[in-house]
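[1] build me a structure from this.
(chains A and B)
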Amino acid sequence: MTPENFIATKASEAINSLYNKHVDAASLQVQVTRKEFEGDYTLVVFSLSRFSGSTPENTGKAIGEWMSSNVPEISAFNVAKGFLNLSFSNVYWNGLFSEIVSDANFGNLPSTGRKIMIEFSSPNTNKPLHLGHIRNNLLGDSVSKLLRACGNNVITSTLVNDRGVHICKSMLAWEKVGNGETPESSGKKGDHLVGDYYVAFNDIYKKEVESLIAGGMPEDEAEKNAPSLLEAHRMLVAWEHNDKQVRDLWAKMNSWVLKGFDETYKALGISFDKTYFESRTYLLGKELVRKGLDMGVFVKDPDGSVWCDLTDDGLDRKLLLRGDGTSVYITQDLGTAEKRFSEYNLDEHVYVVGDEQNYHFQVLKLILKKLGFPWADNIYHLSYGMVELPDGKMKSREGTVVDADDLIEQMYETAKETSLESGKLEDMSDEDKEKLYHMIGLGALKYFIIKVDPKKTMLFNPKESIDFNGNTGPFIQYTHARIMSILRKADEKGISRDLSCLKSDLPLTQKETRLIKLLNSYPSKVAEAGEALSPALIANFAYDLAKEFNQYYHETPILKESFPDLLSGRLILIDTVASVLRRAMGILGIGLPDRM
RNA sequence: GGUUCGGUAGCUCAGUUGGAUAGAGCAACAGAUUUCUAAUCUGUGGGUCCAGGGUUCGAAUCCCUGCCGAAUCACCA
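    Next up is the predicted model:
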């Protein structure tokens, strides 16, 4: 039981005993006491005057007196306005501390038996990943780990958008001006190579449009009739008709891109349990359209196109099948959702997709509901805002896109520079150093992005992101490294860390009870974050804990003086801090080094 | 125009089911290193929580109106 629940329960008993009124413990408000007041937890008593018929102050006093004489764990109380501040005894904190230490599975919630699929990343195979994808990938990866920590069976998946006219554009440009260039022959990473031809296509296209306009064609018509664009469309049709030459080229270039993506994912420390390819799923959903027509939830227009009328729900009419019978994006999504739920027997499905698709997912859910699927309510769109740069939005046309690989490299380099400046790693092997630079650089990047509320448009300042102070990943990594350093030193000195020293009368300083309080709140923080699909909550928790530890570290000579039991108890405490930091940062996908 | 989401310190962001004098970091300034790692810590200054109204013991938080910003409203994906 958490301290908050404990107090609520006891307070409910107090009210029962004092005023002979029943009040549900869950309805009572208990919060952590603010720093400037004496006490550990605070019961808000304003609303309890109705039971006592007295002022909040008197009510607080009465309940406080009852608790301090009837609840041995409560050592003191004071009342300020309508707030009853309660202090726990040293015995209680020691007990709580022992519980945390002895729970090998601390912070991992019991199994829910629920199976959840989470789809994220979902890249197009015509260009490399950029900063926007990084936010997506990091969110998806950390949320999947968070849901696992919450006791769910999680399947990570990605849907590779490997077909469509945008892919044909890269292919076409490669055919025209590529001279047979390959990743091997050019030394370029596959996704970058293909991306270059996507850019090359746009150059060709732009010139064609210009010359058509110069020849007297209106702009909008020129944009539709540029020869290369028409050619790309013909290529798409050939692809759909399984034209061998087109398919071979497509398969070859896609394999380059996918290999490039794999490297980026590996550098980010991300993997998927299941990879779907749009080229194999894009025809799904037509069955559902038929079903919807039979059920009368869809309508067919005279031209043969099929629609779902959502005007009663405050939305528009949504197209599901074109007049020629071909499907559109949402048709495919309906089909894949149905397939996944039935194939995997899912309880929930989370989609990590940018907020420009909020409307799409609103519609998707609504249509699935109209089709009568009971799981339609268990679809969550984890929507995230755009990443902007100090000089504005990223625009691929203007070349202001931050490339994922470049960024990762840049973070690594900065971590390396800063580490070299500190000069603390001279005796470390080169191999370990490389690992460490990567861990720090990536930790900085991941933490910077994950700590921001997903739905907010965020500003990414490349310079500031590589800050190793303050609320950053490296700060937490550094805190961990310091703890490990102390533990190493303790081992050298032969100081034991025997759990038997944890007796109920071990004296604790205020800073130490604060640390225990924080540690103890971790499981409920995980539950809360899992509920809200918000790894940012975990990031902020980790920072709070690291900060609290650093303050403690500064004013407490951990290895100096004191009795053996006290010394041993302190070491166990900071060891537990390190272990909870590892758990929390593990959810964010951030590694913690033993030294740095 | 409709819908959805944002607006908190100079900047980047927290702020729990409505609770006490709204918090961090960065930047600025002033301090602390014979140390268990100073990549740290302490202090100072900095606020019309977009504006106005409402609900109540109590509002950054909930409701209404307005202002500003973003996304979206495709036979694109």
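[2] and the stretch 301-450 of chain A, which of its residues are near RNA strand B?
    Residues of the stretch 301-450 of chain A that fall close to RNA strand B, judged by C-beta under 7 Å from any atom of the strand: A:301, A:303, A:305, A:314, A:316, A:319, A:322-324, A:328-329, A:355-360, A:385-386, A:393, A:415, A:418-419, A:422, A:424-425, A:440. For every residue, glycine as well, the C-beta is placed using N, CA and C.
[3] the helices in the stretch 201-350 of chain A, which residues?
    A:219-225, A:227-240, A:244-268, A:278-281, A:286-295, A:329-344 (DSSP state H, counting those that start in this stretch).
[4] for the closest residue to A:Leu368 other than its chain neighbours, give me the pLDDT.
    Excluding the flanking residues, the one nearest A:Leu368 by C-beta to C-beta, 6 or more residues apart in numbering is A:Ala376, at 3.9 Å. A:Ala376 is assigned 93 on the pLDDT scale.
[5] buried among the residues of the stretch 301-450 of chain A next to RNA strand B? Make that a PyMOL selection.
    Remark: buried members of those, expressed as a PyMOL selection using 16 or more other C-beta atoms under 10 Å:
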select buried, chain A and resi 305+319+329+355+357+360+385+415+418+419+440
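[6] most proximal residue of the stretch 401-550 of chain A with respect to RNA strand B?
    For the stretch 401-550 of chain A and RNA strand B, the shortest gap (C-beta to the nearest atom of the strand) falls at A:Gly470, measuring 2.0 Å.
[7] what about that residue, how many residues close to it?
    Using other C-beta atoms under 10 Å, A:Gly470 has 10 neighbouring residues.
[8] can you check A:Ala444 too?
    Residues near A:Ala444, counting by other C-beta under 10 Å, number 25.
[9] and it, helix, strand or coil?
    What DSSP: H, G, I helix; E, B strand; the rest coil gives for A:Ala444 is helix.
[10] can I get the CA coordinates of the one helix or strand A:Gly95 maps to in PDB?
    Secondary structure from DSSP states H and E places A:Gly95 in helix A:90-102. Output of helix A:90-102 as PDB, limited to C-alpha atoms (Å, rounded to 0.1, in the frame of the first residue of the first chain):
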ATOM      1  CA  ASN A  90      11.600   6.500  11.200                       C
ATOM      2  CA  VAL A  91      10.400   2.900  11.800                       C
ATOM      3  CA  TYR A  92       7.900   3.300   9.000                       C
ATOM      4  CA  TRP A  93      10.500   4.700   6.500                       C
ATOM      5  CA  ASN A  94      12.900   1.800   7.300                       C
ATOM      6  CA  GLY A  95      10.100  -0.700   6.700                       C
ATOM      7  CA  LEU A  96       9.300   0.900   3.400                       C
ATOM      8  CA  PHE A  97      12.900   0.900   2.400                       C
ATOM      9  CA  SER A  98      13.300  -2.800   3.300                       C
ATOM     10  CA  GLU A  99      10.300  -3.600   1.100                       C
ATOM     11  CA  ILE A 100      11.700  -1.800  -1.900                       C
ATOM     12  CA  VAL A 101      15.000  -3.400  -1.500                       C
ATOM     13  CA  SER A 102      13.600  -6.900  -1.100                       C
END
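[11] show me what counts as buried in it.
    When burial is assessed from 16+ other C-beta under 10 Å, helix A:90-102 yields the following buried residues: A:Asn90, A:Tyr92, A:Trp93, A:Asn94, A:Leu96, A:Phe97, A:Ser98, A:Ile100, A:Val101.
[12] so can I have TSV of the residues you listed showing pLDDT and distance to A:Leu459?
    As requested, these are exported to TSV (pLDDT from 0 to 100; distance: C-beta to C-beta, whole Å):
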residue	pLDDT	distance to A:Leu459
A:Asn90	93	46
A:Tyr92	94	44
A:Trp93	94	41
A:Asn94	94	45
A:Leu96	93	40
A:Phe97	94	41
A:Ser98	94	45
A:Ile100	94	38
A:Val101	94	41
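[13] go ahead and list the helix or strand containing A:Asn78.
    Going by DSSP H and E, A:Asn78 is part of strand A:74-80.
[14] would you mind listing the outside residues contacting that strand?
    Residues outside strand A:74-80 that contact it (C-beta atoms under 8 Å, 6 or more residues apart in numbering) are A:10, A:37-39, A:45, A:57, A:60-61, A:64-65, A:67-68, A:84-90.
[15] same thing but at 6 Å, please
    By C-beta atoms under 6 Å, 6 or more residues apart in numbering, the surrounding residues in contact with strand A:74-80 are A:Glu38, A:Glu57, A:Gly60, A:Lys61, A:Gly64, A:Met67, A:Ser68, A:Asn85, A:Leu86, A:Ser87, A:Ser89.
[16] just the buried members of those residues?
    Buried among the contacts of strand A:74-80 by 16+ other C-beta under 10 Å: A:Glu57, A:Gly60, A:Lys61, A:Gly64, A:Met67, A:Asn85, A:Leu86, A:Ser87, A:Ser89.
[17] lowest average confidence, helix or strand, in chain A?
    Least confident helix or strand, chain A: strand A:392-393 with a mean of 64, by mean pLDDT, DSSP states H and E.
[18] after it, which helix or strand is next?
    helix A:404-422.
[19] mind saving the C-alpha coords of that following helix as PDB?
    Written as PDB, here are the backbone C-alpha positions of helix A:404-422 (Å, rounded to 0.1, in the frame of the first residue of the first chain):
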ATOM      1  CA  ALA A 404      18.700  11.300 -38.500                       C
ATOM      2  CA  ASP A 405      22.100   9.800 -39.200                       C
ATOM      3  CA  ASP A 406      23.900  13.100 -39.300                       C
ATOM      4  CA  LEU A 407      22.200  14.100 -36.000                       C
ATOM      5  CA  ILE A 408      23.300  10.800 -34.300                       C
ATOM      6  CA  GLU A 409      26.800  11.300 -35.500                       C
ATOM      7  CA  GLN A 410      26.800  14.900 -34.300                       C
ATOM      8  CA  MET A 411      25.600  13.900 -30.800                       C
ATOM      9  CA  TYR A 412      28.300  11.300 -30.700                       C
ATOM     10  CA  GLU A 413      31.000  13.700 -31.600                       C
ATOM     11  CA  THR A 414      29.900  16.300 -29.000                       C
ATOM     12  CA  ALA A 415      29.800  13.600 -26.300                       C
ATOM     13  CA  LYS A 416      33.300  12.600 -27.300                       C
ATOM     14  CA  GLU A 417      34.600  16.200 -27.200                       C
ATOM     15  CA  THR A 418      33.100  16.900 -23.800                       C
ATOM     16  CA  SER A 419      34.300  13.600 -22.400                       C
ATOM     17  CA  LEU A 420      37.800  14.200 -23.600                       C
ATOM     18  CA  GLU A 421      37.800  17.600 -22.100                       C
ATOM     19  CA  SER A 422      36.900  16.200 -18.700                       C
END
